[in-house]
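*Asks:* Sequence and computational prediction follow.
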Amino acid sequence: MSRIGRKPINIPAGVEVKFENSVMTVKGPKGTLTQKINPAMTVEINDGIIEVKRPNDEKQNRSLHGLTRTLIANMMVGVTEGYKKELQVNGVGYRCQKQGKQLVMNLGFSHNVVFEDTEDITIEVPSPNSIIIHGADKQKVGQFAAEIREKRPPEPYKGKGIKYVDEYIRRKEGKAGKK
């Protein structure tokens, strides 16, 4: 039995959960999320607790069991607390700023790189060298952060570029010159 899949999920106060036609809908203070659940998995909602069960021990069903439970748990956290990713911009002359609903970044290109807020993702720029991305959907927040980082990934020689705050950049030594 899956250790993750068999854990029950508590429904927090102020969260409304609906499951019909293999679609899970979770509504909370931070927004509404929907997720299509594989029809092989059965989802039971009783007394403020959600349990995910699988029909048998086939390999496909075993792998779907933990995945389904984790997706539902992530939805619960997303609509109550939300998710955030923090990015750091390093480099001489590299900076970012918020102009209305746009994130404008100067990353050493001949043009500025612009990202737009979406309806479910908000961008915050507390200082010219840091970016914070907020949202209810864990996957969308991570994807948006990855797309921003992709514009100028950190390089190993000087460490210039956009990196996650908790990311470690393994530095390399430059050329050794003639002796």
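*Replies:* Happy to help now that I have it.
*Asks:* I'd assumed residue 142 was in contact with residue 85.
*Replies:* Yes: applying CB atoms under 8 Å as the test, residue 85 and residue 142 come out as touching, 6.5 Å apart. Where C-beta positions appear, they are placed from N, C-alpha and C, glycine not excepted.
*Asks:* between those two, who's got more neighbours?
*Replies:* A count of neighbours by other CB atoms under 10 Å puts residue 85 above the other of residue 85 and residue 142, at 21 against 14.
*Asks:* Tell me the spacing between that one and residue 121.
*Replies:* 10 Å (CB to CB, to the nearest Å).
*Asks:* anything in contact with each of the two?
*Replies:* Overlap of the contact sets of residue 85 and residue 121 (by CB atoms under 8 Å, 6 or more residues apart in numbering) consists of 133, 141, 144.
*Asks:* now, which of those residues sits nearest residue 41?
*Replies:* If you rank those by distance to residue 41 using CB to CB, residue 141 comes first, at 24.7 Å.
*Asks:* quick one: that closest one and residue 133 touch, right?
*Replies:* Yes: at 5.6 Å, residue 141 and residue 133 qualify as touching, with contact defined as CB under 8 Å.
*Asks:* Could you tell me which residues touch both of those two?
*Replies:* The contact lists of residue 141 and residue 133 share 84-85, 121, where a contact means CB under 8 Å, 6+ apart.
*Asks:* and residue 145, how many neighbours does it have?
*Replies:* For residue 145, using other CB under 10 Å, the count is 23.
*Asks:* change the start of the numbering to 3 and stick with it
*Replies:* In the new numbering, first residue 3, that becomes residue 147.
*Asks:* in the protein, which ranges drop under the pLDDT threshold?
*Replies:* Residue ranges of the chain with pLDDT under 70: 3-4, 179-181.
*Asks:* Which parts of it are strands?
*Replies:* For the chain, the strands identified by DSSP state E occupy 11-12, 18-22, 25-30, 33-38, 44-48, 51-55, 85-92, 97-101, 104-108, 115-118, 123-129, 132-137, 163-166, in order along the chain.
*Asks:* and the longest one, which strands flank it?
*Replies:* What that stands for is strand 85-92. strand 132-137 (antiparallel), strand 163-166 (antiparallel) (DSSP bridges).
*Asks:* would a markdown table of the ones you listed with distance to residue 115 and mean neighbour count be doable?
*Replies:* Formatted as a markdown table, the strands paired with strand 85-92 follow (distance: least, CB to CB, whole Å; neighbours: other CB atoms under 10 Å):
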| stretch | distance to residue 115 | mean neighbour count |
| --- | --- | --- |
| strand 132-137 | 12 | 20 |
| strand 163-166 | 10 | 19 |
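*Asks:* List the contacts of the longest helix belonging to the chain.
*Replies:* Counting by DSSP state H, the longest helix found in the chain is helix 61-82. Applying CB under 8 Å, 6+ apart, the contact partners of helix 61-82 are 4-9, 11-14, 16-17, 26, 28-35, 37, 39-40, 42-43, 45, 52, 54-57, 85, 137-140.
*Asks:* I appreciate the help and will end here.
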